[in-house]
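Novice: prediction below, plus the sequence it came from.
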Amino acid sequence: MRFTDDARRARLARRHALHPGRRLTSVVDVARALVGLHATEPSSVHLAVAARMPSATVSTVEDALYEQRSVVKQLAMRRTLFAFPREVLPAVWGSVSARVADAERGRLARDLEHHDVADEGAAWIDRGRDAVLGRLAGGHALSAKRLREELPAIDGRSSPAVEGGPKWQLGDLPFAPRLLTLLGAEHHIVRGRNEGHWRTSRPAWTLMADWLCEAPAALPADQGYAELVRRWLYAFGPGTEADLVWWLGSTKAAVRTALRAVEAVPVTLDSGDVGYVLPGDEAPDDDPDGDWAALLPVLDSTLMGWKQRDFYLDPALAPYLFDTNGNGGTSAWLNGRVVGCWVQDDDGRVVVLPATPLTERHRSLLHDEADRLTTFLDATVITNVYKSRLMKGERLP
């Protein structure tokens, strides 16, 4: 069966809750629609919800994250922080988070030994883990700074960087934050309440079991990968094997095993590649009624959902929207295609920066979305770590 690019964009509009007629009414439903929300930049969670939930406010997002805890932050695919629906966590813990944690543990142990902090890096990690978990026991929630100050077992810094050495060289930095990141990947602890403004990240770390009241068990790796692939195929499919390998940060072997487990059905894409959908989901969705526009934040899950992006992104635009590490900036969408980005002016108003010619009708749709996002932000100015060339004012030649 053939699945056209038009059909893929129609499915994206509906299943990612971007079309005005398909927007959602709860934060957790938005997270479910996308498997999980990118959370590396704290504001991205709020802005991703605002794009897809007309009634969203900062308070409704904060309530889901910190009161209901229906959406939980977890380091996962490609060492990226996500906000997942809590029922997805067992699949994540047993598969992608475990893979990230194994890699993080190995790197941290090697660096501890290399910088003469410990003769045996693995032993230092285990002592530090026990100290952190012991201090947080009983429902305590503490910042990374407090934990470093109170726990000598996690003290230690890298050697000062050598002048003129490689830019990536670790130099005069504490190892405690990396230990906390590892323990988060291993789901011993979790980023709890944010002690700063919603656009910044100042989490109070707490035990995952306390945060969830009763933490479920992680699924075996193969079951975890299969569940994530099943959810991805419904939300993002059809997609290719390469898309899944990239999105999961996993191996081809793990992806192929998961595709077999969910009995994925191959379809032919306009690119000529083989894509996959779930069994019974081979028929294209109906085209959405009317034109639609959306303004999405840095690293939004829709923008970052595929490796092969030509069906929604002009290849000539990609270098202006993504940095060299593959991090996507803000994006402006029309009918399933990226047509530019958005920024804020000095007064906090959202301004769309088109990268392609637009009709007056399309400019009006984007302007309406800019007004809607300006209202949500309420004069709060977002500072982005990942700024694309488009966001910096560069234009395509």
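Specialist: Okay, I see it.
Novice: alpha carbons only for contacts and neighbour counts from here, please
Specialist: Will do.
Novice: okay, strands next: where are they in the protein?
Specialist: Secondary structure of the chain, counting by DSSP state E: strands at 2-3, 37-38, 71-76, 80-85, 189-194, 203-207, 265-269, 274-277, 293-296, 331-334, 337-344, 350-354.
Novice: compile those strands into a markdown table and extend it with columns for distance to Leu147 and mean pLDDT.
Specialist: Shown next, in a markdown table, are those (distance: least, CA to CA, whole Å; pLDDT from 0 to 100):
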| stretch | distance to Leu147 | mean pLDDT |
| --- | --- | --- |
| strand 2-3 | 52 | 93 |
| strand 37-38 | 26 | 98 |
| strand 71-76 | 20 | 98 |
| strand 80-85 | 21 | 97 |
| strand 189-194 | 13 | 96 |
| strand 203-207 | 9 | 96 |
| strand 265-269 | 49 | 97 |
| strand 274-277 | 46 | 98 |
| strand 293-296 | 35 | 98 |
| strand 331-334 | 38 | 98 |
| strand 337-344 | 36 | 97 |
| strand 350-354 | 39 | 97 |
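Novice: how about these, which one is nearest Met53?
Specialist: With CA to CA as the criterion, Met53 lies closest to strand 293-296 of those, at 11.6 Å.
Novice: show me how far the closest one is from its chain's centre.
Specialist: The chain centre lies 17 Å from the centre of strand 293-296; the measure is CA atoms, centre = their mean, to the nearest Å.
Novice: ok, now stretch 311-327?
Specialist: 17 Å.
Novice: could the C-alpha coordinates of that stretch be exported in PDB?
Specialist: Provided in PDB are the C-alpha atoms of stretch 311-327 (Å, rounded to 0.1, in the frame of the first residue of the first chain):
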ATOM      1  CA  PHE A 311       7.600  15.300   3.800                       C
ATOM      2  CA  TYR A 312       7.200  18.300   6.200                       C
ATOM      3  CA  LEU A 313      10.500  20.200   5.900                       C
ATOM      4  CA  ASP A 314      12.200  21.600   2.800                       C
ATOM      5  CA  PRO A 315      15.700  20.300   2.900                       C
ATOM      6  CA  ALA A 316      17.000  23.800   2.100                       C
ATOM      7  CA  LEU A 317      15.400  25.100   5.300                       C
ATOM      8  CA  ALA A 318      16.700  22.400   7.600                       C
ATOM      9  CA  PRO A 319      20.200  23.900   8.200                       C
ATOM     10  CA  TYR A 320      18.500  27.100   9.300                       C
ATOM     11  CA  LEU A 321      16.000  25.400  11.600                       C
ATOM     12  CA  PHE A 322      18.300  22.800  13.200                       C
ATOM     13  CA  ASP A 323      21.800  23.300  14.700                       C
ATOM     14  CA  THR A 324      24.700  21.000  13.800                       C
ATOM     15  CA  ASN A 325      23.800  18.600  16.700                       C
ATOM     16  CA  GLY A 326      20.300  18.200  15.300                       C
ATOM     17  CA  ASN A 327      18.500  20.400  17.900                       C
END
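Novice: any chance of the strands of the chain in CSV, plus mean neighbour count and distance to Cys213?
Specialist: Below are these laid out as CSV (neighbours: other CA atoms under 10 Å; distance: least, CA to CA, whole Å):
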stretch, mean neighbour count, distance to Cys213
strand 2-3, 18, 44
strand 37-38, 28, 22
strand 71-76, 27, 13
strand 80-85, 22, 15
strand 189-194, 23, 12
strand 203-207, 23, 10
strand 265-269, 19, 39
strand 274-277, 23, 36
strand 293-296, 26, 33
strand 331-334, 24, 37
strand 337-344, 22, 40
strand 350-354, 20, 40
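Novice: and Leu377, which of the ones you listed is closest to it?
Specialist: Nearest of the strands of the chain (CA to CA): strand 350-354, 8.9 Å.
Novice: helices or strands up against the closest one?
Specialist: Strand 350-354 is packed against strand 337-344, helix 360-377, with contacts defined by 3 or more CA pairs under 8 Å, 6 or more residues apart in numbering; DSSP states H and E.
Novice: need these in a markdown table with distance to His16, can you?
Specialist: As requested, those are arranged in a markdown table below (distance: least, CA to CA, whole Å):
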| stretch | distance to His16 |
| --- | --- |
| strand 337-344 | 13 |
| helix 360-377 | 16 |
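Novice: out of those, which comes closest to Gly184?
Specialist: Nearest to Gly184 among these is helix 360-377; the distance by CA to CA comes to 29.6 Å.
Novice: so the closest one versus strand 350-354, what angle?
Specialist: 150 degrees (axes from the mean of the first three to the mean of the last three CA atoms, to 10 degrees).
Novice: so how far is helix 360-377 from its chain's centroid?
Specialist: Per CA atoms, centre = their mean, the centroid offset for helix 360-377 relative to its chain is 24 Å.
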